[in-house]
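Asks: have a look at this prediction, sequence included:
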Amino acid sequence: MNKEYLKIAIRSLRRSPVRSWLTMIGVVIGVFLIISLLSLSEGIKGAMLQQLKMMGNDLIMVFPGEIDNLAAAFGGGLELTSDDIKAIKEAEGVDKIVPMNYKAEAVRHEGRVKTVLINGVSLEDGTDLLKSDMGWDLTDGQWPISGKKELIVAKAVPEDLFPGMKVGDEISINGKKFKVTGILKSLGNKQDDSTITMDLDLFTEVTGEREGAKMVMAKVKPGYAVDDVVKNIENNLDESRKRRRGEDLPSFSVLSSEKISDIVGNVMAIIQAAIFGFASIAIIVGGIGIMNTMYTSVHERIREIGIMKAVGAKGRTITTIFLIESGFFGLFGGLGGIILGLGLAKLAEFAVQTTGAFYLKASITPQLILFSLAFSFLIGCIAGYLPSRSASKLKPVDALRYE
């Protein structure tokens with residue numbers, strides 16, 4: 001009997017294929033948005049958290065500016081002063097600190113000139129931290145020796161910016177020559193993979209950035225709780241700045257790697273909830289379209305309903321047939337949305353990996369696909385409930401008389 005219900009529902013959908021496809025459009029759009037945007041946002045979240053996991057749990061980052069305006073902190077020219085750096089270093093529980101600075105400079109190699117982001121890191125204190133806590137590793141060559149005019153380049157520099165560059169080559173930055181001693185493995189995003197890293201003393205000599213730093217990495221001493229050291233750094237910075245009240249100093253933020261991971265997770269969760277909310281509106285609009293089509297279908301098939309009831313079909317049977325039909329509208333619409341959403345997600349993944357700022361992998365899980373199908377089918381059934389109930393309540397005599 002259930003097979004007969006399915007045959008009747010499918011036959012009804014085939015009667016008006018254009019109307020059926022138009023009815024499904026709202027559901028297709030909603031599921032398309034859910035699949036494409038949620039998979040991409042989950043991929044972005046995964047890529048960011050993966051990078052943060054490369055950092056040790058005993059690392060603390062200190063940077064100028066407020067946590068709610070990181071773009072201004074990293075891109076607005078704010079800096080921690082030399083007194084700030086000293087206060088961080090003297091905080092109880094801090095094992096070592098690594099000031100970091102960066103600036104875009106013109107780099108020349110074999111007649112080609114490109115603007116490249118230069119990282120200045122105190123290699124004497126920071127090489128071990130970069131290797132053990134940040135996951136930096138070389139594919140070729142060796143680490144620069146502090147005090148020598150040596151540097152390392154990230155993966156994309158010899159591959160994209162200066163094709164053919166190799167260990168031992170000489171490059172020029174602002175008229176000063178340096179030797180390439182090593183090439184880094186991929187750091188997980190296109191921006192970091194397009195940088196050059198040198199000792200902080202050489203960086204100040206080349207760029208003219210004499211004091212301060214854009215960011216300071218602090219490593220926690222064994223036996224100290226990370227949260228306690230965060231508070232100690234904040235207190236030291238506050239006390240240092242009270243002694244310099246006359247200076248125009250930017251605010252600062254002190255965050256552990258775990259705290260940053262929590263912030264990233266919370267922000268992405270809010271974004272995903274907003275995406276799901278907007279996509280659900282499209283699906284609900286599609287459900288209203290399904291309801292309208294089902295009322296039209298009931299109106300067109302009144303005599304057919306009367307015949308089925310006259311030969312013994314119960315109201316529950318009529319309801320089931322129309323619910324299956326409306327559920328199919330949602331199910332097929334969801335399937336179409338999944339196919340389009342998968343296509344867009346994979347296309348965006350390819351485009352971002354080719355030209356984007358980081359290596360994105362769309363996170364498409366069976367759970368997401370099954371949820372989208374179930375949700376769209378449920379919306380279809382809910383939308384068809386009232387029309388199917390109205391069909392089941394028709395009296396056989398009145399239905400057979402209908403012209």
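Replies: That came through fine. Bear in mind the structure is a predicted one, so any value in this text is a computation, not a measurement.
Asks: CA atoms only for stretch 367-376, dumped as CSV, please.
Replies: The C-alpha coordinates for stretch 367-376 follow below in CSV (Å, rounded to 0.1, in the frame of the first residue of the first chain):
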residue,chain,number,x,y,z
GLN,A,367,25.8,15.0,9.0
LEU,A,368,25.4,18.3,7.3
ILE,A,369,24.0,16.7,4.2
LEU,A,370,21.6,14.4,6.1
PHE,A,371,20.5,17.3,8.3
SER,A,372,19.7,19.5,5.2
LEU,A,373,17.7,16.7,3.6
ALA,A,374,15.8,15.9,6.7
PHE,A,375,15.1,19.6,7.4
SER,A,376,13.9,20.3,3.9
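Asks: from the chain's centroid, how far away is it?
Replies: 21 Å (C-alpha atoms, centre = their mean, to the nearest Å).
Asks: what's the average pLDDT for it?
Replies: Averaged over stretch 367-376, pLDDT sits at 88.
Asks: please enumerate the helices of the stretch 151-300 of the chain.
Replies: 156, 200-207, 226-242, 257-300 (DSSP state H, counting those that start in this stretch).
Asks: can you add mean pLDDT and give those helices back as JSON lines?
Replies: Compiled in JSON lines, the helices of the stretch 151-300 of the chain are given as follows (pLDDT from 0 to 100):
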{"stretch": "helix 156", "mean pLDDT": "87"}
{"stretch": "helix 200-207", "mean pLDDT": "85"}
{"stretch": "helix 226-242", "mean pLDDT": "85"}
{"stretch": "helix 257-300", "mean pLDDT": "82"}
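Asks: redo those as TSV? Include distance to Val18 and mean neighbour count.
Replies: Placement of C-beta: from N, CA and C, glycine included. Formatted as TSV, the helices of the stretch 151-300 of the chain follow (distance: least, C-beta to C-beta, whole Å; neighbours: other C-beta atoms under 10 Å):
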stretch	distance to Val18	mean neighbour count
helix 156	50	20
helix 200-207	65	19
helix 226-242	63	17
helix 257-300	11	17
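Asks: next, format those helices as CSV and append distance to Lys86.
Replies: CSV is the format used below for the helices of the stretch 151-300 of the chain (distance: least, C-beta to C-beta, whole Å):
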stretch, distance to Lys86
helix 156, 35
helix 200-207, 15
helix 226-242, 8
helix 257-300, 23
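Asks: so which of these is nearest Leu347?
Replies: Proximity to Leu347 (C-beta to C-beta) singles out helix 257-300 among the helices of the stretch 151-300 of the chain, at 17.8 Å.
Asks: so, low pLDDT: which residues of the stretch 51-200 of the chain?
Replies: 51-56, 66-77, 188 (pLDDT under 70).
Asks: would you map the strands across it?
Replies: 59-64, 94-109, 112-121, 138-141, 150-153, 170-173, 176-184, 195-199 (DSSP state E, counting those that start in this stretch).
Asks: out of those strands, deepest packed?
Replies: Greatest average neighbour count among these goes to strand 150-153 (a mean of 24), per mean count of other C-beta atoms under 10 Å.
Asks: for that one, which strands pair with it and how are they oriented?
Replies: strand 176-184 (parallel), strand 195-199 (antiparallel) (DSSP bridges).
Asks: dump those into CSV; add distance to Glu300 as well.
Replies: Putting the strands paired with strand 150-153 into CSV (distance: least, C-beta to C-beta, whole Å) gives the following:
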stretch, distance to Glu300
strand 176-184, 68
strand 195-199, 66
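Asks: right, so of the helices of the stretch 151-300 of the chain, which gets closest to Arg389?
Replies: Minimum separation from Arg389 across the helices of the stretch 151-300 of the chain (C-beta to C-beta) falls at helix 257-300, 9.8 Å.
Asks: quick check: angle from that closest one to strand 59-64?
Replies: 80 degrees (axes from the mean of the first three to the mean of the last three C-alpha atoms, to 10 degrees).
Asks: helices or strands up against helix 257-300?
Replies: helix 17-53, strand 59-64, helix 315-355, helix 366-392 (3 or more C-beta pairs under 8 Å, 6 or more residues apart in numbering; DSSP states H and E).
Asks: and that helix, how far from the chain's centre?
Replies: Worked out by C-alpha atoms, centre = their mean, helix 257-300 lies 18 Å from the chain centre.
Asks: contacting residues for the one residue sitting closest to the centre of the chain?
Replies: Among the residues of the chain, the one closest to the centroid is Ile44, at 2.0 Å (C-alpha atoms, centre = their mean). Counting by C-beta atoms under 8 Å, 6 or more residues apart in numbering, Ile44 touches 268, 360.
Asks: how does it look with 7 Å?
Replies: Leu360 (C-beta atoms under 7 Å, 6 or more residues apart in numbering).
Asks: distance of it relative to Leu38?
Replies: Ile44 sits 11 Å away from Leu38, going by C-beta to C-beta, to the nearest Å.
Asks: and if you look at Leu386?
Replies: 30 Å.
Asks: Val220 now?
Replies: Going from Val220 to Leu38 by C-beta to C-beta gives 36 Å.
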